Each structure stands twice: as C-alpha cells, then as structure tokens.
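*Asks:* the sequence and its predicted three-dimensional model are supplied below.
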There are 2 protein chains.
Amino acid sequence: MNLKELSEKLGLSQTTVSRALNGYPEVSEATREKVQLLAKRHNYSPNTRAKGLATGRAHAIGHVIPTARRHEVVNPIFGDFIAGAGEVYAANNFDMVLSIVEGGDEEKVYRAFKTRGTVDGVILHGPRINDERIPLLQEIGLPFVVHGRASGVETDYSWLDVNNRRAFTRATEFLIDLGHRRIGLINGLEDMDFAHRRKIGYEDGLKARGLNIDPLIMRSDEMTESNGYTAAGEMLDSEAPPTAILVSSIITALGTRRAIEDRGLKMGRDVSVVTYDDSLSYLANGIDVPIFTATRSSVRDAGRQLSNLLLAKISDPSRPPDHILLEAELTVGQSTGPAPST
Amino acid sequence: MNLKELSEKLGLSQTTVSRALNGYPEVSEATREKVQLLAKRHNYSPNTRAKGLATGRAHAIGHVIPTARRHEVVNPIFGDFIAGAGEVYAANNFDMVLSIVEGGDEEKVYRAFKTRGTVDGVILHGPRINDERIPLLQEIGLPFVVHGRASGVETDYSWLDVNNRRAFTRATEFLIDLGHRRIGLINGLEDMDFAHRRKIGYEDGLKARGLNIDPLIMRSDEMTESNGYTAAGEMLDSEAPPTAILVSSIITALGTRRAIEDRGLKMGRDVSVVTYDDSLSYLANGIDVPIFTATRSSVRDAGRQLSNLLLAKISDPSRPPDHILLEAELTVGQSTGPAPST
DNA sequence: CTGCATATCCAAAGCGCTTTGGGAGCGAAG
DNA sequence: CTTCGCTCCCAAAGCGCTTTGGATATGCAG
C-alpha cells in the first residue's frame, strides 16, 4: 500500500492525501479524517526512502562506536546510553543507525554518513584528548554532539559531560577525610578524555592536602574486570600498598574487590574502594545499601539528554552549541571505612 | 557531488557511470577506470535513499532489542552480539538500525520496518516460549533469523542457538561427579526460551543420577548482579543450603560470589559455582586461570554467524531455513571443588 | 449579476539513483 | 556493398514521496 494506491482508493490526489496525513492546513478537516481513517485501516506508512529523497532528510541518527584498538572490547556503557537515546528517537520517529568500527577507521564512516546521506547527525562517543573527529565532523558539515569533551580541541561544539574532575577530587577528599594517606588510582585509558580529567581530579585532591602523587599506585588500562584485578593485585602486593583505591568503573571495581578478597583482606575494612558508577541497569550498585561507595551519574539519562540536544540542533541548525555539565553524586556504601591504624 | 554532476564532468551519461561503478560488463575497462578514478577523487558515494528507492532494497538490517518489562534492564550481551554482527555488516556495506522498545511494543516496530521499508530483514533477539513474534514476522513477510529458538513454535524458521539444555546437563553432572548432592539453580526469567532449556537440562542432570528436584533452591529472575546476590543469599541462609549453584550468567555469578563471601564462605571450597559465560569482552572470565568454572559460548561469534545467515537469506529468499546448534564448552576454573564432607 | 477573497483540491516537477530498451559504430562474414 | 553481431554507450522511465504553482468552487459584498 503506497500513496498512489491510497489516493486512488480515496478518489483524491496524492497531494491532498500527503497533506492530510502531514497535517497541512490546506485540507478540510472532513477529508483529513477520511484519509486518516483509511490510512489506519490499511496501516499505511510512507516509505522512508522515498520520503527521505523528497525531503532531503534521513530522519535517522548515527552512532559510531569504536571497539578499542588492540583488544576487542566493547564499552559496556553503550548499551545503557543507547537505551536512553533510543527512547527519545522512538518518541520522535527517528531511526538509530549503529556502526561498529575498529578504532581509527571512523573517518570513513563519518564521511560515508555524509555523502550517502544515511543520517542527519551523529553522536560522538568516547572523545579522546585532541580528538581529531571533532574538527573532522565540523569540516564535513555533519551535525553532531559529543558525549564527553575533548581536552585540547579549541573550537566550540555541543557536548554533555559529567564533571569527572570534580567527582574524583571529591572522592579523593572523602578518602583523605577517612584518614587514608596512600590512595591508589585504577583509571581507564588515559588518552580518553574522561580518564584524563579523572586523573587530574585525583591529583588535585591529593595536592590540596599535601599528599604526594605516586605513579607506583596509578594504573591506566581498558576497564575490564580482569584489568581491575591485576592492577589492584599489583598494588596490594607492592612494598607500600595503598589503603584505599579509586576506581574508574564498577566493572573494574569488581575485579578490584576480587583482588582484595583473594588476599584475605576485607573491602571497606582493610582496603577502601571508591568507584565511578554509570548506573548500568544490570550492575546496579546494590539494592538497598550500595555495595560500593561511588560517584554516580546515569549514562542512560545522558543518552536521553544528549539525543534531545542533537534533535534540537538538527531542526534548528543555527542553534548555538550547548554545553551540559552534570555533577556526579557521591553515595556512601560499604566499600569504604576509616584507614586502618598502622 | 551526485551522479549527475559526476557524469557531466566525465562527459558520460548517468547510465554509463552508474554501470561503471557497479561493475556491469557493458562498459569498457578504460572508461570504468576513468570513472572510478574521478569518483574517488571527489569521494562520491551514491545516496543511500535514492539507491534504495530505485532498487527497492534498504541495505540495512534491523535489530529490535526489548528492554525487559517492569525493570529497565538492557541485556548486556547485546553489546557483544552487535559488535559481532557489525563486523559482518561493515564488510557487506549494510547499515544496522537499532530500535529499543519496551517489551510488548515490538509488533509496531516490525510492521513499521516492513511498511516503511526501513530494513531488508531483522534479527530476532531473546526469543520466548511460544514467541508470537515469529508467526508475526512470517505473516508480515519480513526476512528474519532468530538468536535462540522458541519452544512451542511449530513453524520452521532460521535460528542459531547454543545447546543450552546439554550445557546445563553437563554442568550438573560435573558437579554431581564432584560429590555434590544439593545443587541450586539461579536462572534467567523462565519465559525466555534459553532459560527454559537450561532448567530442563539441569533437571535432566539431576534425574539421571537419581537426585530430586527441589524448587526451594531454584530461582528465576532478570540476570543482574543484585538478583544473583539475593537469590544465592536466600539459598545459603535456608534450612538446607546447596553445596553448589548453577548460574545462568557471569553477571549473576558475580552476585552469587558476593553472597557466598559475605557469609564468610569461600567459593570453590565451601560452595561450588558453575556459570554460563557469554564471553563478554569486558567481563572475561579470568586471564590465565578461569575464575569460574563455566559453560561458555561466544555471543560475539554468534552475532557474526547469525548476521551472515540473514544476509544469505536476503540475497536468496528461496533459501531453506538454516539451523545452527552450537555446543558450549565446559572449562574448569577455580569456582568448583569437591563437595565439602558433612 | 459581477468581482474578489477564501477554501479546497490537483497536475506535474523533482529528489538521485537503477534499469529497460534501444542505437551508434565497427570489424568480419557473405 | 550489405548484413550480422559485437561492443560501448545513451535517453528516458520509474521508484514513492513532497511541494510548487495553479485551478476550481464557494461565499459574500457591492
């Protein structure tokens, strides 16, 4: 069932039917109702490609998610982010097109998105320091918003980010207040902007209290469970083990916890842990009492807000760049306690 | 840069340029090269919508992923599955369109996919017992393949599944061989077909050795960390706690482990755990030595195989349904040991 | 009855591609 | 010198929609 058939059945022109369905005023309410009724009955909906060709808009948003270089790790937060964005797209009748790409090959995908007209805009994931994708997208002229920010990129662009620096400063101070003096950091890959900022936040916190920064208890790697285990294990086995560890992801934190307990220690008593928590739906941080003390911000909510921003930008290209900075909340759980007396 | 402009620049007709680029034999190699060269230089690629309109094919595959009813849980295996499928799509120049939908609203999405011509086919995720989506898709006439199977659905369709039943029978037997006589089950939601089959497999294993089935140590719920914690905790606190637990997901197993250790018990010594492991990239089951004894099958690989199947089916609609049954491998880790002597 | 808004509808062009149905041009065969 | 059969190319139709630029009808004032 297409427009032509539908209009023939109605004895109207395609023009009128199209206008009736799209809410244009040039058609009487009586005929509009007739048209809508028959359209429902035959559950007609316009062909996406034809509509797109005619209007020049794809009514789709692209997400290109890179799998990490070297390892084939898919960042688990994408699932929840995309769930949030998906709600918004569904409500606005936009499609979401996903492109999984090995880190580095993204340029091709963005260019193809533009020249083939596959999408009207993209959400940029996982910005790195000096991320080249931002100037690229600006050059290409494809509307975009960034989930995070990119230190070192000078031009203005729309982004939504969590105040990672502040979150980690607060977490560090929280641990210091508990009496901890030797605090480890298990971070994500530090060419990722979020990890870079968290590191700075952590260092800020230490410096503000006159504690020194010790690279021996600072790690940076892909945020997997086993990397958390390895990193924490090495720290704990070292000459001067930390009494507290700051971790960048709840998944890494699970590994950290495992390393602690494998050594017969108890998390929250012998070693304190504070983690960043993206509120992943299947890894909720405890039900009643949080397992981990955590700085938390919902990535799903970020998906909702950011996709709304992009849609707004697409419908009004002259809209100036937006910047949304979310503060993470610090919730106290069972994984932290006073520093053990030496 | 579009076909028209390109052909004018070349002094050729659109027909010839189109044919040159699409590899038709009616054009001489000399002109083909000229055309391809200029196309590269202006990095021309045909407009997706126009091409789609002309050919009647979308060159895109749809994935509709339901968020669980009630809870807003996004199954974490989608990330890895989609990464696998994405590789295949990229290699074949297909787009992937994702639709996140609240459980139950899927029919609308499938119908829209068909009537709007958004995609050429879909991959059906998370089949349930008597899943109504399978007859629906057959009625609609949208090519599809299923990740899993649906018990109770009589018609034939293409699927790829892990032999869940056998995997859980083997796991159960493995535990029995270790001397365990009281084995708990922490399963996914049992209207999900995979969970249903795992339960049967578990029961098969018990029955074959003359052990009785005790609903008191069988749970079924969304596979989150905290549900694993709660379920395991309740079992362990009961009158007759199990000495071993069979778990349906590595995430749930993490919760199970936490429940065990919270009670001052040691996993692998006091309580054995065998889990199903989807080989999630960020939750690898240990690096050298597996943490958990597990029945494992890579969901990423499933994504690759299944998307290939769908592409084959789309390019040859007369192809009879395929059925791929993968066997999970049982790897022994540190989470199991002989039953404690009573 | 005429003239002029106003309301309602329509024919046709155009979006960028593929594909059908030829049509030159040319060497070889008759 | 035809004619046939290739090879190489092209004009134009068509995919299903939106939208421009009218056309027709209706109502009301003059």
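*Replies:* Cool, got the structure. Numbers count the residues shown, from 1 in each chain, chains lettered A, B, ... in the order given.

*Asks:* A:Arg296 pairs with what?
*Replies:* When bridges are called by DSSP bridges, A:Arg296 pairs up with A:Asp277, A:Glu329.

*Asks:* I'd guessed it sits against A:Leu283; true?
*Replies:* No: here A:Arg296 does not reach A:Leu283: they are 11.8 Å apart, not a contact under Cβ atoms under 8 Å. Just so you know, the C-beta spots here come from the backbone N, C-alpha and C atoms, and that holds for glycine as well.

*Asks:* which one's more surrounded, these two?
*Replies:* More neighbours surround A:Leu283 than the other of A:Arg296 and A:Leu283, with 23 against 20 (other Cβ atoms under 10 Å in any protein chain shown).

*Asks:* how much space between the more buried one and DNA strand D?
*Replies:* Counting by Cβ to the nearest atom of the strand, to the nearest Å, the gap from A:Leu283 to DNA strand D is 43 Å.

*Asks:* what sits against that residue?
*Replies:* Going by Cβ atoms under 8 Å, 6 or more residues apart in numbering or on different chains, A:Leu283 touches A:Ile250, A:Ile251, B:Thr224, B:Glu225, B:Ile251.

*Asks:* quick check: closest non-adjacent residue to A:Ile100.
*Replies:* Nearest residue to A:Ile100, sequence neighbours excluded (Cβ to Cβ, 6 or more residues apart in numbering or on different chains): B:Gly86, at 2.9 Å.

*Asks:* which residues touch A:Ile200?
*Replies:* Neighbouring residues of A:Ile200 by Cβ under 8 Å, 6+ apart: A:Arg165, A:Phe168.

*Asks:* outline the domain layout of chain A.
*Replies:* Domains of chain A are assigned by automatic domain parsing as A:3-46, A:60-161+A:300-326, A:164-298.

*Asks:* highest mean neighbour count out of those?
*Replies:* The highest mean neighbour count among the domains of chain A, using mean count of other Cβ atoms under 10 Å in any protein chain shown, belongs to domain A:164-298: a mean of 21.

*Asks:* which residues of the stretch 101-250 of chain A fall in strands?
*Replies:* Listed in chain order, the strands of the stretch 101-250 of chain A (DSSP state E, counting those that start in this stretch) span A:121-124, A:144-147, A:159-162, A:183-187, A:218-220, A:244-247.

*Asks:* save those as CSV, and put in distance to DNA strand C and mean pLDDT too.
*Replies:* Formatted as CSV, the strands of the stretch 101-250 of chain A follow (distance: least, Cβ to the nearest atom of the strand, whole Å; pLDDT from 0 to 100):
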stretch, distance to DNA strand C, mean pLDDT
strand A:121-124, 18, 96
strand A:144-147, 22, 98
strand A:159-162, 31, 98
strand A:183-187, 45, 98
strand A:218-220, 45, 98
strand A:244-247, 49, 98
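
*Asks:* could I get these as a markdown table with distance to chain B?
*Replies:* Formatted as a markdown table, these follow (distance: least, Cβ to the nearest Cβ, whole Å):
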| stretch | distance to chain B |
| --- | --- |
| strand A:121-124 | 13 |
| strand A:144-147 | 16 |
| strand A:159-162 | 19 |
| strand A:183-187 | 14 |
| strand A:218-220 | 15 |
| strand A:244-247 | 14 |
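
*Asks:* redo those strands as a markdown table? Include distance to B:Ala150.
*Replies:* Listed next are the strands of the stretch 101-250 of chain A as a markdown table, based on distance: least, Cβ to Cβ, whole Å:
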| stretch | distance to B:Ala150 |
| --- | --- |
| strand A:121-124 | 34 |
| strand A:144-147 | 36 |
| strand A:159-162 | 40 |
| strand A:183-187 | 43 |
| strand A:218-220 | 45 |
| strand A:244-247 | 41 |
